[in-house]
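**Student:** got a predicted model here, sequence first, then my questions.
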Amino acid sequence: MFLLCGVALLGMQRFSWGDPELQKAPSFSLPRLDGNTVHLEDFSGKVVYLDFWGAWCPPCIEEVPHLVSLYNTYKEKGLVIVGVSLGDSKRSLEHFVKEKQVTYPVVLGDDKIIEDYRGIVFLPTAFLIDRKGFMRRKLFGYKEKEELEQLILPLLEER
């Protein structure tokens, strides 16, 4: 697995309802640190921010407090953040999650999810998935909390 981590890589790809590229988010089954399995279908009817990251990646580390804050603020309104760790050992990830007080689900990624989401090369990379399971945005690089909030709030208002 070859991954690049970078602060300078910023951008996003937007999907819209009329866009022929709009598609359902690929299903996944990945292990949590506690041994339970997380499936995308567990979050049916919720807005999912699927974050591909690494505890070894400086911009990813910088973004984690923003994600924790957003999750804690909006989880009652239907937001789920799933951190898909790439390139971390279970042990180092457990330490990181405890130290940084990560409250959202964190799973151990694998080659299959990287392939299913069309290859993840840069970290962080995230997908914003609407309540109906459609991928609405693909985001590259570090994002400020306010920018993420502006992207998430409209989807939380959709039914």
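**Tutor:** That came through, no problem.
**Student:** from here on, contacts and neighbour counts on C-alpha atoms
**Tutor:** Noted.
**Student:** can you give me the helices in this protein?
**Tutor:** 58-74, 90-100, 111-116, 145-157 (DSSP state H).
**Student:** now render those as a markdown table, adding distance to Leu128, mean neighbour count and mean pLDDT.
**Tutor:** Formatted as a markdown table, these follow (distance: least, C-alpha to C-alpha, whole Å; neighbours: other C-alpha atoms under 10 Å; pLDDT from 0 to 100):
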| stretch | distance to Leu128 | mean neighbour count | mean pLDDT |
| --- | --- | --- | --- |
| helix 58-74 | 13 | 18 | 97 |
| helix 90-100 | 22 | 13 | 95 |
| helix 111-116 | 15 | 14 | 94 |
| helix 145-157 | 8 | 14 | 97 |
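**Student:** mind listing what's buried in stretch 123-138?
**Tutor:** Within stretch 123-138, the residues scored as buried using 16 or more other C-alpha atoms under 10 Å are 123-131, 133-138.
**Student:** which of those fall within strands?
**Tutor:** Of these, the ones assigned to strands by DSSP state E are 123, 125-129, 135-138.
**Student:** what distance do you get for the nearest residue to Lys145 once chain neighbours are set aside to Pro59?
**Tutor:** Setting aside the residues directly before and after it, Lys145 is nearest to His66 in space (C-alpha to C-alpha, 6 or more residues apart in numbering), at 5.1 Å. Here the criterion is C-alpha to C-alpha, to the nearest Å. By it, His66 lies 12 Å from Pro59.
**Student:** of the helices of the chain, which is nearest Phe28?
**Tutor:** Taking C-alpha to C-alpha, helix 111-116 is the member of the helices of the chain nearest to Phe28, at 6.8 Å.
**Student:** pretty sure the residue nearest to Lys145 sits against Tyr142.
**Tutor:** No. Applying C-alpha atoms under 8 Å, one finds His66 not in contact with Tyr142, separated by 10.4 Å.
**Student:** quick check: bridge partners of Leu108?
**Tutor:** Ser85 (DSSP bridges).
**Student:** no, scratch that, I was asking about Val47
**Tutor:** Judged by DSSP bridges, the bridge partners of Val47 are Leu79.
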